[in-house]
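Chemist: 3D, please:
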Amino acid sequence: MHNFEKRRDRYNGYTQFANPLINLSFTLTVPDLRPYCKAQQLPPFHVFLYCVLRAVASIDNFMYRELDGEVIRIKDFMASYTVLNSDNNLNFARFDMTDDLALFVERSLAAKKVAEASAELINTSAGLSPLDHKRNVYITCMPWLELTAIEHPIYLHKTADIPALAWGKFGPPQDDGMMRLPLSVQAHHGFADGYHIHLLGEAIKAQLAQLIEA
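Modeler: Reported below is the predicted structural model:
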């Protein structure tokens, strides 16, 4: 928590706001993972999700949460994302994170299958302990859209401390082996600034490059 103490005064200031959130949408240029995924027979969304979540975990500012009136740094989080079920209604897939890519994809696909098959809304925060509720990062993807902005539903802005990430359609392959995609990052401004969102984008890029070049 040493790093947080350096910005506690910023946190104290933003907690006085009715809406202390920062939400930036931008175009991110990253290594095109699709040839790698095709060669490895892996689904691109799930590989990209793996890199995104590993990037989030690498930056302290996205691991801070509020619990019982105090700021904590979570050690890990559950992997989760939105899914459309057979009725084309929103549902949630959730599974245990792992640094093993093959196992991550296996778990992610299994969780997706369960969420798709459920007519009821599952994997909400109901039944979770207060700490486990904080062990979350909200993820959604809209692959049909060239996303330019998003406003997430917020129960109470002043207590919205869990980062929310969204991305849209992957862009076409570029001659330099890169691709562009629209990305949106929402976080508590007491914990993260625009610079940290920039760092997150760079971390996603680095995770993809490390994976593809390995």
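
Chemist: host element of Ala206?
Modeler: Ala206 is part of helix 194-213, with elements assigned from DSSP states H and E.

Chemist: end to end, how far does stretch 88-100 reach?
Modeler: 31 Å (C-alpha to C-alpha, to the nearest Å).

Chemist: how about the helices in this structure?
Modeler: 2-5, 8-14, 34-40, 44-57, 101-117, 130-134, 194-213 (DSSP state H).

Chemist: Out of the ones you listed, which is closest to Met179?
Modeler: Met179 lies closest, by C-beta to C-beta, to one member of the helices of the chain: helix 34-40, at 7.5 Å. C-beta coordinates here come from the backbone N, C-alpha and C atoms, glycine included.

Chemist: ok, and for the closest one, which residues are buried?
Modeler: Of the residues in helix 34-40, Tyr36, Cys37 count as buried by neighbour count, 16 or more other C-beta atoms under 10 Å.

Chemist: could you dump that helix to PDB, C-alpha only?
Modeler: C-alpha atoms of helix 34-40 as PDB (Å, rounded to 0.1, in the frame of the first residue of the first chain):
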ATOM      1  CA  ARG A  34      -5.300 -13.600 -34.800                       C
ATOM      2  CA  PRO A  35      -2.500 -15.400 -36.800                       C
ATOM      3  CA  TYR A  36      -1.100 -16.700 -33.500                       C
ATOM      4  CA  CYS A  37      -4.500 -17.900 -32.400                       C
ATOM      5  CA  LYS A  38      -5.100 -19.600 -35.700                       C
ATOM      6  CA  ALA A  39      -1.800 -21.400 -35.500                       C
ATOM      7  CA  GLN A  40      -2.400 -22.500 -31.900                       C
END
